[in-house]
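Participant: sharing a model prediction with you, sequence too.
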Amino acid sequence: MPCLIAANNVNGPSLELAAMASVPAFVLLTSLAATALPANVAVAGAPAPITVQPAAQVATYHLHYRKLYDAKPFPNATLTHYANGVYRITSEGEDHYGVYVAQGNVGDQSSTIRYVSLPSPDWGNRTAYHQLTFITGTDQGSGLFVQNAITDTGEAIAQQNGTFSLTIPEASP
């Protein structure tokens, strides 16, 4: 594509027509596409499916909610922890997996566990964050819990609470 360039010569300013070599963008992109990329460079495409298998079961919390979330008014839920940080929760209206991290140990006088649900129909194919604090009562393996939750849309769910009983398998890791 030609371009006009202002230049100074001995006789004073004048305009000269200069031809600029241009490389069409598609030629450049075509040559780049044919170039092999190093092995450590990722190329965008469809992500590989994620497969997560629960490990050995380490604890099961049987929850009975006294204060319920209006959108999920299910008073009883079973929350199973697996050794690899995976959990499963089941109730009258829920059945999904997620991941958890614990602050404290199962069966301690108090422990706080943070959960992130994997996208499932239970949460509109989105994630949700829950934090449960368990306070063991005088009977080992049972007590009270308090739950705070936030959806991935930023909605803070009103605090919930209830009672729990805990089952630990004999062969638990």
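Facilitator: Perfect, thanks for sending it.

Participant: just the buried positions in stretch 66-77, please.
Facilitator: Across stretch 66-77, burial judged by 16 or more other Cβ atoms under 10 Å covers 72, 77. (C-beta placed from N, C-alpha, C; glycine too.)

Participant: and the end-to-end length of it?
Facilitator: Start-to-end span of stretch 66-77 (Cα to Cα, to the nearest Å) is 12 Å.

Participant: repeat for stretch 82-89
Facilitator: 12 Å.

Participant: run through who's touching it.
Facilitator: 52-58, 77-81, 95-101, 115, 117, 173 (Cβ atoms under 8 Å, 6 or more residues apart in numbering).

Participant: can you rerun that using 10 Å?
Facilitator: Stretch 82-89 is contacted from outside by 52-61, 63, 77-81, 94-102, 113, 115-118, 120, 122, 130, 172-173, using Cβ atoms under 10 Å, 6 or more residues apart in numbering.

Participant: in its sheet, what does the helix or strand containing residue 114 sit against?
Facilitator: Per DSSP states H and E, residue 114 falls inside strand 110-117. The sheet places strand 110-117 alongside strand 95-103 (antiparallel), strand 128-136 (antiparallel), with pairing taken from DSSP bridges.

Participant: pick the most deeply packed of those.
Facilitator: strand 128-136 (a mean of 18; mean count of other Cβ atoms under 10 Å).

Participant: all set, thanks.
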